[in-house]
Structure formats: C-alpha cells, structure tokens
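**Q** Got a predicted model here, sequence first, then my questions.
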Amino acid sequence: MATTTFPVTAVAPRRSLSRTLAIYAKEAKYELLKNLRIPVYAISTIAFPLMFYVLFGIVLGRNNPAARNDNALYALATMGCFGVMAAALFGFGVSLAIERGQGWLQVKRASPMPIGAYFFAKLFAAMTFSTAIIILLLTIGYLFGGVRMPLATAARLAGTLIAGSIPFSAMGLAIGYFAKPNSAPAVVNLVYLPMSFCSGLWIPLFLLPHGLQTFAKFLPPYHMAQLALGIVGMTTEPTPAWGHVEALIAFTMICLGLAAWGYRRDEGEMYG
C-alpha cells in the first residue's frame, strides 16, 4: 500500500503587538526578581563598585586635600564603568551559562515565548542594576567625595554608563554560550578584572607602565571609561568621543557574532 508523507512546517504563533510587549515585560520582570532573590549576585554586584570607589576615590585621596575632589570625580567615572561591567558580565555570562547547563534554555526554546524576550529580560536586568550602581556612586560622591556637577552633566554621565552596559552584555552573551556552568564565574573574573586594571579603572592610566598604556587602547573598558571621563572633563585623551563609540560598536558586533555562533552550535547539539 502506498503511503504519502507531507513535510512538517513549523508555524510561528501570531500575536498582536500588545501581547508581544506584555510577554517581553513579564519576562523582564521575573528576570529582575530572580536576580534580586539571589543575594550573592544582587549584593556583590552593587557593593563591590561602591567599596572600590570609597577606597580609591575617597579614602586614598585624603592625604592630598587639594586633589581630593578630582580623585573622587575621576574614580566616579571609572568605578561607574567597573560596576556596569560587573552587572552585565555576571547577569548575562554567568546566568546564561548556568541556565544552559540546567537545561532551562532548552525549555525556553521549546515554549512559544519569543526567544528575544529571554535576551531582552537579561539586558533589562543588567541595565537596572547598572542604574542602581550609578545612582549610589553619584550619591556617595556628592555626600563624601565633594563631587559637584550640573544635573545635566550627571544625567549625561549616567546615560553614557548605562548605555555602556550593552557592549559588555554582548560580551557576557558570548561567554555564556561557550563557558561551562561551573567555570563561568571564574572565566568572567579572569576576563573583567585584568581588563579593568589594564584599562585604568583602578589606577589612573598614566601611572601604569607605557606598554600597558598602549595595550589599554585595545580594551573596551578603556574606551568606555574615556567617554565617561570626557563628560566630567577628566580625560587628556586626544581621540574624539566618536572614536571611542566606534570602538565599542565594533567590539559589540564581534561579541554578537561569537554569540550567534555559540547559539547555532547549541542548536546543532540539541537537534542534530
């Protein structure tokens, strides 16, 4: 008896725009709540940049009262960059690697939820934590560091740093698709801590060896920090701001390309 076979065609569910936006909003809400309910992530992500700022920007500047406010202002920009990096890399890289290992990402892919909502939720959570870090840094700088700047300048600085979470979220996305769940925290620390030091986030770049000063120009935190320092008038870098923006865009595109490769590799392993 002859049999007839028909190709199976996957049909994407059709949703209204309002329904799609509601899905994105709900996924973002629960991603944020999940991170808030993990004290190790929530507290450490916010506390470490504040501790480093108090140490490098305020405490170490007490010995030189004339330069105390400048030190606090410089560290405000660089520690803001440091905090945004941590929120993005741990919120994206470590979280994604762990959820891949647990099989949670497979569940998300099998559900009718658009996969873009999953990544948007992580970006939203990273930017929310980044916003909290920057507001607290500005508050501490104003209260204890003698930092004074116009409200418009503070808003530009905050907006630049929050937007700067995008390239590092892309980097975290790439790490999350290639790092194993147990090794992801170590991989992130091995990447972002040396990058932070070599980019002049902890110690002003001109105090580092000449070789590191040259090497820093190839690192994304350097370009982000220079944008922030330029806003507060603390940079001596001759490169225009757009040059730093171009470098960060190029870095983002490279990381997204690596993440897309990892995404397709995961699909091949799951579906053959």
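**A** Looks like it came in fine. Numbering: from 1, shown residues only.
**Q** Tell me the buried residues in the strand or helix carrying K122?
**A** For K122, the host element (DSSP states H and E) is helix 115-144. Within helix 115-144, the residues that qualify as buried are 117-131, 133-134, 136-138, 140-141, counting by 16 or more other CB atoms under 10 Å. Glycine gets a C-beta too; all of them are placed from N, C-alpha and C.
**Q** Where do the helices of this protein begin and end?
**A** Counting by DSSP state H, residue ranges of the helices within the chain are 17-36, 39-52, 68-88, 95-102, 104-110, 115-144, 151-163, 165-178, 184-198, 210-216, 220-231, 241-271.
**Q** Between helix 95-102 and the last one, find me the angle.
**A** Angle, helix 241-271 to helix 95-102, by axes from the mean of the first three to the mean of the last three CA atoms, to 10 degrees: 0 degrees.
**Q** hey, least reliable of the helices of the chain by pLDDT?
**A** For the helices of the chain, mean pLDDT drops lowest on helix 104-110, to a mean of 80.
**Q** Need the contact partners of it.
**A** Among residues not part of helix 104-110, those counted as contacts by CB atoms under 8 Å, 6 or more residues apart in numbering are 96, 99, 115, 118, 266, 270.
**Q** out of those, which one sits closest to G243?
**A** Set against G243, the nearest of the contacts of helix 104-110 by CB to CB is L96 (30.7 Å).
**Q** OK, contacts around the nearest residue to that closest one once chain neighbours are set aside?
**A** Closest residue in space to L96, ignoring its immediate chain neighbours: G176 at 2.9 Å, by CB to CB, 6 or more residues apart in numbering. When contacts are counted by CB under 8 Å, 6+ apart, G176 touches 92-97, 100, 184, 259, 262.
**Q** Counting by contacts, list what the helix holding K122 packs against.
**A** Judged by 3 or more CB pairs under 8 Å, 6 or more residues apart in numbering; DSSP states H and E, the packing partners of helix 115-144 are helix 17-36, helix 39-52, helix 68-88, helix 104-110, helix 151-163, helix 165-178.
**Q** Mind doing that once more with 6 Å?
**A** For helix 115-144, the packing partners by 3 or more CB pairs under 6 Å, 6 or more residues apart in numbering; DSSP states H and E come out as helix 17-36, helix 39-52, helix 68-88, helix 151-163, helix 165-178.
**Q** How far off centre is the last one?
**A** It stands for helix 165-178. 8 Å (CA atoms, centre = their mean, to the nearest Å).
**Q** List the buried residues in it.
**A** 165-178.
**Q** what does the second one give?
**A** Neighbour counts using 16+ other CB under 10 Å place 41, 45-46, 49-50, 52 of helix 39-52 among the buried residues.
**Q** What of the first one?
**A** For helix 17-36, a neighbour-count test (16+ other CB under 10 Å) marks 23-24, 27-28, 31-32, 35 as buried.
**Q** could you redo those residues as a markdown table and give each row distance to R109?
**A** Output for the buried residues of helix 17-36, formatted as a markdown table (distance: CB to CB, whole Å):
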| residue | distance to R109 |
| --- | --- |
| I23 | 15 |
| Y24 | 16 |
| E27 | 14 |
| A28 | 18 |
| E31 | 16 |
| L32 | 22 |
| N35 | 21 |
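**Q** Between the residues you listed, which sits nearest P150?
**A** Looking across the buried residues of helix 17-36 and measuring by CB to CB, the closest to P150 is L32, at 30.8 Å.
**Q** Look up how far A241 lies from that closest one.
**A** 31 Å (CB to CB, to the nearest Å).
**Q** One more: L173?
**A** 26 Å.
**Q** what does G101 give?
**A** 40 Å.
**Q** same thing with N182?
**A** Taking CB to CB, one finds N182 at 40 Å from A241.
**Q** Kindly report the same for R68.
**A** Distance from R68 to A241, by CB to CB: 27 Å.
**Q** With I38 instead?
**A** Taking CB to CB, one finds I38 at 36 Å from A241.
**Q** So which of those two has more stuff around it?
**A** Neighbour tally, I38 and A241, criterion other CB atoms under 10 Å: the higher count belongs to A241, 15 against 12.
**Q** contacting residues for that one?
**A** 227, 230 (CB atoms under 6 Å, 6 or more residues apart in numbering).
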